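Trainee: How does the following fold in three dimensions:
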Amino acid sequence: MTDDYLAGMRGTRLSGKQFFNEVLNVSDEPEIEYTWATGVAISKFLAGMKEGKIYGSHCDDCNKTMVPAMMFCYECFNPMSNYVELPDTGIINTFSLAYINTDATRRDTPELPIVVEIDGTTHAPSGFVHLLKEGTDVDKIKVGAKVKAVWKPEKERIGDITDIMYFELKED
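Mentor: As a prediction, the model looks like this:
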């Protein structure tokens, strides 16, 4: 790009060094009050989290079981009202090694986001994003690896996905 082109642009031109080492970020904590209706299916899923259980929904028409629980089937679009308790185990569908925090600071050890496909589901992909236990040997992480949920103590659960603290690899 030419300097003439860049000169006409708004903002401040940064060198590579400035961009990678000195870029500032702005933090703000707005005071916002809101409510969100989770609906019947997600309410069932979140109530299960508080109980230390994972609930999915089952479609009688195409015989698919999906998690998190939902009102309509992905496959045939029919309503689903049958909720089934599933095990808190599954496999890694995909994963990442995140060496950068959400505030753009660098990490020495990676955070390990994964997509967990819960055992007992019959619609792939079906699952949710969560974290693998921090400090897990990255050489052991692979698609298809078996995992198990590690729950917060019962008195600390609030009916949220974070009631599962993390997943850990299961030994074969």
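
Trainee: Could you point out the helix or strand that follows the biggest helix by length in the chain?
Mentor: In the chain, ranked by residue count with DSSP state H as the criterion, the top helix is helix 39-51. Once helix 39-51 ends, the next helix or strand along the chain (criterion: DSSP states H and E) is strand 54-58.

Trainee: Which strands border that next one, and is each parallel or antiparallel?
Mentor: strand 65-66 (antiparallel), strand 82-86 (antiparallel) (DSSP bridges).

Trainee: Residues touching the last one, excluding its own?
Mentor: This points to strand 82-86. Defining contact as Cβ atoms under 8 Å, 6 or more residues apart in numbering, one finds that strand 82-86 is touched by 41, 44, 48, 53-60, 65, 67, 69, 118-121. In this view, the C-beta of every residue, glycine as well, is placed from N, C-alpha and C.

Trainee: Of these, keep whichever come out buried.
Mentor: Neighbour-count burial (16 or more other Cβ atoms under 10 Å) is assigned, among those, to 41, 44, 48, 54-59, 65, 67, 69, 118-121.

Trainee: So what pairs up with the spatially most central residue of the chain in the strands?
Mentor: When Cα atoms, centre = their mean is applied to the chain, the residue found nearest the centroid is V129 (2.1 Å). For V129, the beta-bridge partners are V115 (DSSP bridges).
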